[in-house]
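Asker: All I have is the shape, not the residue letters:
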């Protein structure tokens, strides 16, 4: 049997099982209330008038729409979650995924104190794993963190395996996505608790850092095997520095080009500069930058306001990653 034939049979089987589950759900409709909600209108997986059981937990089967307008049916409470690039939120809610995302080299290392026993699945070369590899872990809910998964055709394959919820861009509105995932998993209380803990962490850090960073601009430079790049202020550690801690954005970083060259370095208007070497893959580019005369002549360098930071939490989105970035900044600046 060829691989393609095997995949076709597996997906056909998955579709038949999903159909039977849906049928069972229809037969049980007098015993369990079906929820119909539109998250695109409400910003969460629950809408006004959505059904609740007497214990204030979601009732099943449950029908809802994801942020892209796709209908998602949950026959029962999800227990085995595949959420590539959203493991941070799962851990924040006290949930371990059935399998965790890996770049091909390693999973998110900053989460391994909680996920060390969870198997990894590779996204080698940035490509999602084949449906067969995902199906082997038998997820009952798949969460995809952005709309690119629809355009690439990944969603069409994965929805044959298990109910699949797609975010427009989960990391662009972390508060909303945490609440949505909390709702999907019956963990709304845990989601609110995690968000409150995060907000308190941010406010405490802002007060401590304010005397050091008021009116100051910050930039983050990432090195990898392809070159030197700015981290924009929309996501990840860039978002934390400006939107959470209060650094002003550099006009150069805010521009359209994320690429950095030694020729453009004198234009960098940043009082603080953070350097990230992506798993040691950018050693040559980091050396070229930090040993160049133009780098050594910059005010941030002469003032001792450049910092090399370690850890993949600087290149990740999620409440845990963001709090770790905040702690790093406090440790470096508020000495």
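Answerer: Great, that's in hand. Bear in mind that the values here come from a model prediction, so they are computed numbers and not experimental data. Residues are numbered from 1 along each chain as shown.

Asker: where does residue 274 land on pLDDT?
Answerer: In this prediction, residue 274 carries a pLDDT score of 98.

Asker: For it, give me its contacts.
Answerer: For residue 274, the contact set (C-beta atoms under 8 Å, 6 or more residues apart in numbering) comprises 218-221, 237, 241, 306-309, 314. The C-beta positions use only the backbone N, C-alpha and C, and glycine is treated the same way.

Asker: For it, which three-state class applies?
Answerer: strand (DSSP: H, G, I helix; E, B strand; the rest coil).

Asker: can you tell me how far the closest residue to it other than its chain neighbours sits from residue 327?
Answerer: Leaving aside its sequence neighbours, residue 274 sits nearest to residue 220 (C-beta to C-beta, 6 or more residues apart in numbering; 4.7 Å). Distance of residue 220 to residue 327, computed by C-beta to C-beta, to the nearest Å: 16 Å.

Asker: next one: residue 268
Answerer: 26 Å.

Asker: These two: which has the busier surroundings?
Answerer: Comparing residue 268 with residue 327 by other C-beta atoms under 10 Å, the one with more neighbours is residue 268, at 21 against 13.

Asker: That one touches residue 252, doesn't it?
Answerer: Yes. Residue 268 is in contact with residue 252 according to C-beta atoms under 8 Å; the separation is 5.1 Å.

Asker: between the contacts of residue 274, which is closest to residue 177?
Answerer: Taking C-beta to C-beta as the measure, residue 177 sits nearest to residue 237 out of the contacts of residue 274, at 17.5 Å.

Asker: so which strand or helix has the closest one?
Answerer: According to DSSP states H and E, residue 237 maps onto helix 236-239.

Asker: Neighbouring strands - and their directions - for the helix or strand just after that helix?
Answerer: Going down the chain from helix 236-239, the next helix or strand is strand 248-249, by DSSP H and E. If you go by DSSP bridges, strand 248-249 pairs up with strand 217-224 (parallel).

Asker: circling back: since we're on the residue nearest to residue 274, how many residues are nearby?
Answerer: Each residue near residue 220 was counted by other C-beta under 10 Å, and the total is 27.

Asker: what sits against it?
Answerer: 230-231, 237-238, 241, 253, 273-276, 314.

Asker: repeat that for 6 Å
Answerer: Contacts for residue 220 (C-beta atoms under 6 Å, 6 or more residues apart in numbering) come out as 231, 237-238, 274.

Asker: Residue 236 now?
Answerer: By C-beta under 6 Å, 6+ apart, the neighbours of residue 236 are 315, 317.

Asker: Could you report the distance from residue 104 to residue 177?
Answerer: Taken as C-beta to C-beta, the span from residue 104 to residue 177 is 25 Å.

Asker: out of those two, which sits in the more crowded spot?
Answerer: Per other C-beta under 10 Å, whichever of residue 104 and residue 177 has more neighbours is residue 177, with 25 against 11.

Asker: didn't that one look like it was pressed against residue 168?
Answerer: No. The criterion here is C-beta atoms under 6 Å, and residue 177 misses it with residue 168 at 9.5 Å.

Asker: what number of residues lie near residue 156?
Answerer: Neighbour tally, residue 156, other C-beta under 10 Å: 12.

Asker: Surely it is in a helix?
Answerer: Yes. Residue 156: assigned to a helix according to three-state DSSP.

Asker: ok, and the closest non-adjacent residue to it?
Answerer: In space, residue 156 is closest to residue 150, 8.0 Å off (C-beta to C-beta, 6+ apart).

Asker: I'd like to know how many residues surround that neighbour.
Answerer: 17.

Asker: hmm, back to that, with distance to residue 146 and pLDDT added, can I get the contacts of residue 274 in a markdown table?
Answerer: Converted to a markdown table, those look like this (distance: C-beta to C-beta, whole Å; pLDDT from 0 to 100):
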| residue | distance to residue 146 | pLDDT |
| --- | --- | --- |
| 218 | 25 | 98 |
| 219 | 25 | 98 |
| 220 | 21 | 98 |
| 221 | 24 | 98 |
| 237 | 18 | 98 |
| 241 | 22 | 98 |
| 306 | 32 | 98 |
| 307 | 30 | 98 |
| 308 | 29 | 97 |
| 309 | 25 | 97 |
| 314 | 20 | 97 |
